[in-house]
Each structure stands twice: as C-alpha cells, then as structure tokens.
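Novice: Below are the sequence and a predicted model; questions follow.
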Amino acid sequence: MGWAALELLGLALSVLGWAGALLVAALPMWRVSAFLEHNIVVAQSTWEGLWMDCVVQSTGQMQCKVHDSVLALRPEVQAGRTLTVLAALLGLAALLVTVAGARCTTCLKAGRVKARVAGGGGALFAACGLLVLVPPSWFAHLIIRNFYDPAVQASQKREMGAALYLGWAAAALLLLGGSLILAAALRSNPPQAPAFPVKYAAPRRSPSASPTAEYDKKNYV
C-alpha cells in the first residue's frame, strides 16, 4: 500500500471517529438504570447523559429534560462536557490541517512543508482521541465503583450505557487514524537538500604540456 493510500485511510478513520465523538457527546445513554433484585417487570428506565436526562416508559414513550444548572452538575459531567467540546473543536482543526497537507490536495506546494502539515494534522487527531477517551473511562470507573458499593441503594445504582462503548470505539478510531496519517507523513517526507551546494571547478592544465603541443593535437583532430 502506498503512502498516499495509507494517508487517505487514516483520514477516513479519523473523520469517522470524530463523527462518532460528536454523536457520543449528544447521546443521553451514558448511565442507565440497573435492573436488580430480580425485577422483571419495570415501569420505566432512566438514561443520564452530559446534556439531558431521559425517562423511558414501558409503553415506549420517552421524556427528556435538559440540565438546568451547570454549576449544580456532578464533577464528571462538567469535565465530560468540557472535554467533549474541546475534542470537537480539536477534531475540526485537525481535519482542516490534514486536508491542507494531504497529498491529494493542492492547498500547499508538495515538499517538506506539506508533509509536516499533514503530520501535524495526524498528531492533532491523536490528541483528539485522547480527549475523547477520558470521559467514558471516568464514567465507567464511577459506575463500577458505585455498583459494587453496598452503601448505595439498589434504586440508585446505574450501569454503563451504549454511549460509553461508542466513545471508546471513537477514541480508538481517532488514535489509529491519526497514527496512520503521522506515519505516512514521516515516511513520505522527501530528503533534505544539502546545505552547501557542490561547486565544480574547471580542470587545471598540466604545467608540463606546452601550448604548441595542444595546438598541434587540435589540428590533427
């Protein structure tokens, strides 16, 4: 596989991961109700997200309410909001930088500068993946800790929602895509020209050769 194809593959994976990160930030299924104590028939289930909470009835009806106060939110929710917004902005910047430095575009002249710009875009995508990875991992740690805490009531325990798994998948795509873009940019970087150009001097004439002999040789030729 050529380096240009590897770069396009990394860009496609990164864009897919960035779109997944935007979807994860909007989904309310970060924490869902845990069905404990062998309760088979449940009237409703609760979904908790970064921006809203939803209650799903057994009949299929769903009611959602946006969080009123930002300062009253739990620390992990506030940090999750901040990191997801930063990841969205960083992913947009990484996309613009990578497209400008990609081999298939003519935004910049081909050379070392274009390769470095593409590598910078790959590094930004990888950093975006790290930002996306933090909130789902933090939520999963808190959910597991509270689930096995005997002091927490059964009605207050939650399980990991689908948004956490999608967040991990999006982070993996961003890290993989950014790494591929960076590797393609580093491997396709053209060699640097020598700092001092080589100068060629005219050949010296031997002191033993006389001008008359050289003139005779030219006449015979």
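Specialist: That came through fine.

Novice: Doesn't L13 belong to a helix?
Specialist: Yes - judged by DSSP: H, G, I helix; E, B strand; the rest coil, L13 forms part of a helix.

Novice: Assign a three-state SS to the residue nearest to it when sequence neighbours are not counted, would you?
Specialist: Distances taken as C-beta to C-beta, 6 or more residues apart in numbering place G177 nearest to L13, at 3.4 Å, with adjacent residues excluded. Yep, even glycine has a C-beta here, placed from its N, CA and C like the rest. Applying three-state DSSP to G177 yields a three-state assignment of helix.

Novice: list the contacts for A25?
Specialist: Residues counted as contacts of A25 (C-beta atoms under 8 Å, 6 or more residues apart in numbering) are 50-51, 84-85, 87-88.

Novice: Filter the residues you listed down to just the buried residues.
Specialist: 50-51, 84, 87-88 (16 or more other C-beta atoms under 10 Å).

Novice: Grab the most central residue of this structure for me.
Specialist: Nearest residue to the geometric centre of the chain (C-alpha atoms, centre = their mean): F125, 2.8 Å.

Novice: ok, and the closest non-adjacent residue to that one?
Specialist: Sequence neighbours aside, G178 is the residue nearest to F125 in space, at 3.3 Å (criterion: C-beta to C-beta, 6+ apart).

Novice: What distance do you get for the one you found to G122?
Specialist: Distance, G178 to G122, by C-beta to C-beta, to the nearest Å: 5 Å.

Novice: Are there residues contacting both of those two? Which ones?
Specialist: The contact sets of G178 and G122 overlap at 10, 14, 94 (C-beta under 8 Å, 6+ apart).

Novice: For A170, which residues are in contact?
Specialist: A170 makes contact with 17-18, 20-21, 23-24, 129, 132, according to C-beta under 8 Å, 6+ apart.

Novice: Quick check: closest non-adjacent residue to it.
Specialist: G20 (3.4 Å).

Novice: Okay, and that neighbour sits in which element?
Specialist: Per DSSP states H and E: G20 is located in helix 3-26.

Novice: So for that helix, mean pLDDT?
Specialist: Taken as a whole, helix 3-26 has a mean pLDDT of 91.

Novice: now do stretch 72-92
Specialist: Here the average pLDDT along stretch 72-92 is 93.

Novice: For that stretch, C-alpha coordinates in CSV please.
Specialist: This file holds the C-alpha atoms of stretch 72-92, laid out as CSV (Å, rounded to 0.1, in the frame of the first residue of the first chain):
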residue,chain,number,x,y,z
ALA,A,72,-25.1,22.0,40.1
LEU,A,73,-23.9,19.2,37.9
ARG,A,74,-21.6,16.4,39.2
PRO,A,75,-17.8,17.0,38.5
GLU,A,76,-17.6,14.1,36.0
VAL,A,77,-20.5,15.6,34.0
GLN,A,78,-18.9,19.1,33.9
ALA,A,79,-15.5,17.6,32.9
GLY,A,80,-17.2,15.4,30.3
ARG,A,81,-18.9,18.4,28.7
THR,A,82,-15.6,20.4,28.6
LEU,A,83,-13.6,17.6,27.1
THR,A,84,-16.1,16.6,24.5
VAL,A,85,-16.4,20.2,23.3
LEU,A,86,-12.6,20.6,23.2
ALA,A,87,-12.4,17.3,21.3
ALA,A,88,-15.0,18.5,18.7
LEU,A,89,-13.1,21.8,18.1
LEU,A,90,-9.7,20.0,18.0
GLY,A,91,-11.1,17.4,15.6
LEU,A,92,-12.3,20.2,13.3
